[in-house]
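>>> After the sequence you'll find the predicted model.
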Amino acid sequence: MPKTALHISEIKKDKISFYAAQRNMQSLQDAAVDQIIDTVLAAAKPQGIFEHIPYDIPSRTFFGNVPFTVAGEQILPFLEQTETVVAMAATLGADVDRQIDAFFVDQHFTEGMLFDCVANAALDELLNRLTKIIDITYAADRYKTAWRVCPGEGDFPLSQQEPILHILNAPAIGITVSPSHMITPRKTATALSGLRSLQSSGCSGCAMHGHCGEEAE
């Protein structure tokens, strides 16, 4: 089960603004954002893990060390047309959580919310980096990521994070799930991705046909 230390050197400000807008945070000061970015990058200890997981279409079940059934309907057409499904998880590490908690304990609420937004944007970047590593890993077999879905997107419920972490043996990179279903570190993201064969007869048979940037290249 491949696990990897990840590295991020920048965090996209448009993603920070996206998360800030969800919290009704307006007119962000560039100097404050830059300072928080530097603090997040210094505190983060990014780790990632991924694994190919067999999927059974009739039972809607992923098999592995801890099998689980897929919840949600929107993801099913993608799974049914995908040759290889990869589960992944990435985390910023526990120090980022501690920094966020410290802001709120000290009642620095604005800084704490901004730090949280920056950390979320960093987590997005981690998933993108991990996806690139997956593509490199499967390049020899002529596979490339066609789609990626995170629990919480569409009708794919956030509760699916837990079985994905179990099937990945996430404690290997320091991610744990408590008996009360709390995930630690909190700044952890999971996803399923579908790989398509580059040896197929083109894009027409892909689940992402018409919605993939690769077709424009």
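It's in. Fair warning: this is a prediction, and the values are worked out from it, not measured in the lab.

>>> Can you list the neighbours in contact with stretch 55-63?
By CB atoms under 8 Å, 6 or more residues apart in numbering, the residues outside stretch 55-63 that reach it are 53-54, 67-70, 76, 79-80, 82, 85, 87, 163, 167. In this view, the C-beta of every residue, glycine as well, is placed from N, C-alpha and C.

>>> Is it possible to mark the buried ones in the residues you listed?
With neighbours counted using 16 or more other CB atoms under 10 Å, the contacts of stretch 55-63 contain these buried positions: 53, 68, 70, 79, 82, 85, 87, 163, 167.

>>> State the pair within these that is farthest apart.
Checked with CB to CB, those reach their widest spread between Thr82 and Pro163, with 18.2 Å between them.

>>> Which SSE is immediately downstream of the longest helix seen in the chain?
The single longest helix within the chain, with elements called by DSSP state H, is helix 109-138. Following helix 109-138 in sequence order, the next helix or strand is strand 143-149 (DSSP states H and E).

>>> elements contacting the helix or strand following that next one?
Beyond strand 143-149 on the C-terminal side, the first helix or strand identified by DSSP H and E is helix 161-168. Taking 3 or more CB pairs under 8 Å, 6 or more residues apart in numbering; DSSP states H and E as contact, the helices and strands that helix 161-168 lies on are strand 47-52, strand 68-69, strand 84-91, strand 176-177, strand 183-184, strand 188-197.

>>> Report the distance from helix 161-168 to the chain centre.
12 Å (CA atoms, centre = their mean, to the nearest Å).

>>> buried ones in the longest helix of the chain?
Buried, per 16+ other CB under 10 Å, within helix 109-138: 111-127, 129-131, 134, 138.

>>> So which elements touch it?
On a contact count with 3+ CB pairs under 8 Å, 6+ apart, helix 109-138 meets helix 13-22, helix 30-43, strand 47-52, strand 84-91, helix 94-105, strand 143-149, strand 188-197.

>>> List the contacts of the second one.
Under the contact criterion CB under 8 Å, 6+ apart, helix 30-43 has outside partners 8-11, 13, 16, 92-93, 95-96, 98-99, 111, 114-115, 118-119, 122.

>>> one more time with 10 Å
For helix 30-43, contacts defined as CB atoms under 10 Å, 6 or more residues apart in numbering pick out 7-13, 16-17, 20, 28-29, 92-100, 103, 110-112, 114-123, 187.

>>> buried ones in it?
33, 36-37, 39-41, 43.

>>> Leaving out sequence neighbours, find the closest residue to Arg23.
With sequence-adjacent residues excluded and distances taken as CB to CB, 6 or more residues apart in numbering, Arg23 is closest to Met113, at 5.5 Å.

>>> Same question for Ile36.
Sequence neighbours aside, Val118 is the residue nearest to Ile36 in space, at 4.9 Å (criterion: CB to CB, 6+ apart).

>>> which residues sit in contact with the one you found?
Val118 touches 11, 13, 15-16, 19-20, 33, 35-41, 96, 100, counting by CB under 10 Å, 6+ apart.

>>> ok, back up a step: between strand 143-149 and the longest helix of the chain, find me the angle.
Put simply, helix 109-138 runs at 150 degrees to strand 143-149, going by axes from the mean of the first three to the mean of the last three CA atoms, to 10 degrees.

>>> What angle do strand 47-52 and helix 109-138 make with each other?
Using the same axes, to 10 degrees: helix 109-138 against strand 47-52 is 40 degrees.
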